[in-house]
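Undergrad: Structure for the following, please:
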Amino acid sequence: MRRVFLIAGSAGLLVACGAGSTKTEVFRPTSPLVSDLYLQVRGSSGAVTAVEDILRHAKQLGGFIVAPKVHGQEDCTITRTITSNAAPAMRKYEGQKVTVWVYGNSSFAPSVCKGLSGIGGG
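TA: The predicted structure follows:
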């Protein structure tokens, strides 16, 4: 009986720490030329954190920062399963799905949608 309580307690601790939880985050480019472009990313907490790290250090569009919410119309939604061909930071989440929504009124949105079609390495 004691083992049951220990396992249940450990499971509760893992859930409280975010293991297996879903996270949604919104990002926008730092470049003022494309300030009306937003990416909303949803996936496991770890995968979204990895995407955040990649976007923060991206040279394209001046990098990205976290935004409080999306603005504008939805341009596209892309869901991909992360594969072994993904960026190194994403590979440990192989098999998990990541969904990206592109929002805003930026003329760059169609290009971003097209570029994101390869997200997850597949």
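Undergrad: Show me what the helix or strand hosting D75 is packed up against.
TA: In this assignment (DSSP states H and E), D75 forms part of strand 74-81. Packing partners of strand 74-81 (3 or more Cβ pairs under 8 Å, 6 or more residues apart in numbering; DSSP states H and E): strand 97-104, helix 109-116. Any C-beta I mention is one placed from the backbone N, CA and C, and that applies to glycine too.
Undergrad: Tell me, please, where in this structure the pLDDT is lower than the cut-off.
TA: Applying pLDDT under 70 to the chain picks out residues 1-20, 117-122.
Undergrad: can you pull out the strands in it?
TA: Secondary structure of the chain (DSSP state E): strands at 22-29, 37-44, 64-66, 74-81, 97-104.
Undergrad: Turn those into JSON lines, including distance to A58 and mean neighbour count.
TA: Output for the strands of the chain, formatted as JSON lines (distance: least, Cβ to Cβ, whole Å; neighbours: other Cβ atoms under 10 Å):
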{"stretch": "strand 22-29", "distance to A58": "9", "mean neighbour count": "18"}
{"stretch": "strand 37-44", "distance to A58": "11", "mean neighbour count": "21"}
{"stretch": "strand 64-66", "distance to A58": "6", "mean neighbour count": "16"}
{"stretch": "strand 74-81", "distance to A58": "17", "mean neighbour count": "16"}
{"stretch": "strand 97-104", "distance to A58": "14", "mean neighbour count": "20"}
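Undergrad: Measure how buried A50 is and give me the count.
TA: 23 (other Cβ atoms under 10 Å).
Undergrad: M90 too?
TA: 24.
Undergrad: can you check the one 3 residues further on too?
TA: Residues lying near Y93 (other Cβ under 10 Å) number 21.
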